[in-house]
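Engineer: I would like to see how this sequence folds:
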Amino acid sequence: MGSLYLMRPKVVSLCDETWKLAMEKDNFSEWVRSQLLATDESRIEQDAKAIAIWKSTGEWPEWYQ
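Structural biologist: Below is the predicted model:
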């Protein structure tokens, strides 16, 4: 992630156990974002296409930069 994205607040309710786990993360918000993106099927498909292009050409597609 980076400052290129507009960050918007979203409240998450946690029980005592998940709150303790969240507190162990250096950057809980970044961790949540990465977990959401890791399960985004369209992003996973896009990543696979970009990797295939990179493997065949040695260059990342411009649209993936």
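Engineer: so where's the protein uncertain?
Structural biologist: 1-4 (pLDDT under 70).
Engineer: Please repeat the previous calculation with a cut-off of 80.
Structural biologist: The model of the chain has pLDDT under 80 over residues 1-5, 65.
Engineer: Could you pull out the helices in it for me?
Structural biologist: 16-23, 28-38, 41-57 (DSSP state H).
Engineer: residues in contact with the shortest one?
Structural biologist: With contact meaning CB atoms under 8 Å, 6 or more residues apart in numbering, helix 16-23 is reached by 14, 28. Placement of C-beta: from N, CA and C, glycine included.
Engineer: and that helix with helix 28-38, angle?
Structural biologist: 100 degrees (axes from the mean of the first three to the mean of the last three CA atoms, to 10 degrees).
Engineer: so how far is helix 16-23 from its chain's centroid?
Structural biologist: 20 Å (CA atoms, centre = their mean, to the nearest Å).
Engineer: Residue 54: neighbouring residues, count only.
Structural biologist: 13 (other CB atoms under 10 Å).
Engineer: Pull the contacting residues for it.
Structural biologist: Taking CB under 8 Å, 6+ apart, one finds 60, 61 in contact with residue 54.
Engineer: ok, now residue 53?
Structural biologist: 59, 60, 61, 64.
Engineer: Among those, which one lies nearest to residue 13?
Structural biologist: Taking CB to CB as the measure, residue 13 lies nearest residue 64 of those, at 35.3 Å.
Engineer: for the contacts of residue 53, which one is nearest residue 15?
Structural biologist: Of the contacts of residue 53, the one sitting nearest to residue 15 (CB to CB) turns out to be residue 64, at 38.4 Å.
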